[in-house]
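Visitor: return a 3D structure for these sequence lines:
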Amino acid sequence: MNMTRFRRLVVNALLLAACVFGAPLWAAPSTGGGTTDDFTHEFAALEEAVTLLQGVRDEASAKKVMVKLRSTFSKLPAPVKGSEAELMQWARLQNRVSTEMWRLRKEPFWETQKLQEVWTLISDPFSRPGSLK
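Guide: Sure thing, here's the model as predicted:
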């Protein structure tokens, strides 16, 4: 396992633990300023992803959601320079998406609709084509 993957696993585990122990979902940024543009778009896309994924019940709906999410997340740049509160909020929203993806992993259309690829675009922002800007 390479170091980047290991760090990501550790950070996700720590952030999931923070989420489980009752931290609020929409915490205000702690550094005084508002949410940066990258995070504003990222948060909106993640909220939409959770809503769309909750509605997936069959292969046809999975295909529609996959196309929509791929289109949305491929265009987003990787959010950088966030406050601690923004990063915590980002982790919570990522965890909500991951919860839905774990539910869908059991479905027979998981592989045929390439949901793992979409999950990677969502959870690893530096794999997105938009992050190369």
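
Visitor: quick one, helices of the protein?
Guide: 3-20, 37-54, 59-75, 84-104, 109-112, 115-123 (DSSP state H).

Visitor: okay, those helices in JSON lines with mean pLDDT next?
Guide: Compiled in JSON lines, those are given as follows (pLDDT from 0 to 100):
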{"stretch": "helix 3-20", "mean pLDDT": "61"}
{"stretch": "helix 37-54", "mean pLDDT": "92"}
{"stretch": "helix 59-75", "mean pLDDT": "94"}
{"stretch": "helix 84-104", "mean pLDDT": "94"}
{"stretch": "helix 109-112", "mean pLDDT": "90"}
{"stretch": "helix 115-123", "mean pLDDT": "92"}
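
Visitor: tell me which of those sits nearest to residue 129.
Guide: Nearest to residue 129, of all those, is helix 59-75, at 5.3 Å by CB to CB. For glycine as for every other residue, the C-beta is placed from the backbone atoms N, C-alpha and C.

Visitor: I'd like the helices of the chain laid out as a markdown table, including distance to residue 129 and mean neighbour count.
Guide: Shown next, in a markdown table, are the helices of the chain (distance: least, CB to CB, whole Å; neighbours: other CB atoms under 10 Å):
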| stretch | distance to residue 129 | mean neighbour count |
| --- | --- | --- |
| helix 3-20 | 19 | 12 |
| helix 37-54 | 15 | 17 |
| helix 59-75 | 5 | 16 |
| helix 84-104 | 19 | 18 |
| helix 109-112 | 23 | 14 |
| helix 115-123 | 9 | 19 |
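
Visitor: contacting residues for residue 68?
Guide: Residue 68 makes contact with residue 52, according to CB atoms under 8 Å, 6 or more residues apart in numbering.

Visitor: if I look at it, how far off is residue 86?
Guide: Per CB to CB, to the nearest Å, residue 68 is found 24 Å from residue 86.

Visitor: then residue 116?
Guide: From residue 116 to residue 86 the distance is 27 Å (CB to CB).

Visitor: now do residue 40
Guide: 10 Å.

Visitor: please apply the same query to residue 74.
Guide: Residue 74 is 22 Å from residue 86, by CB to CB.
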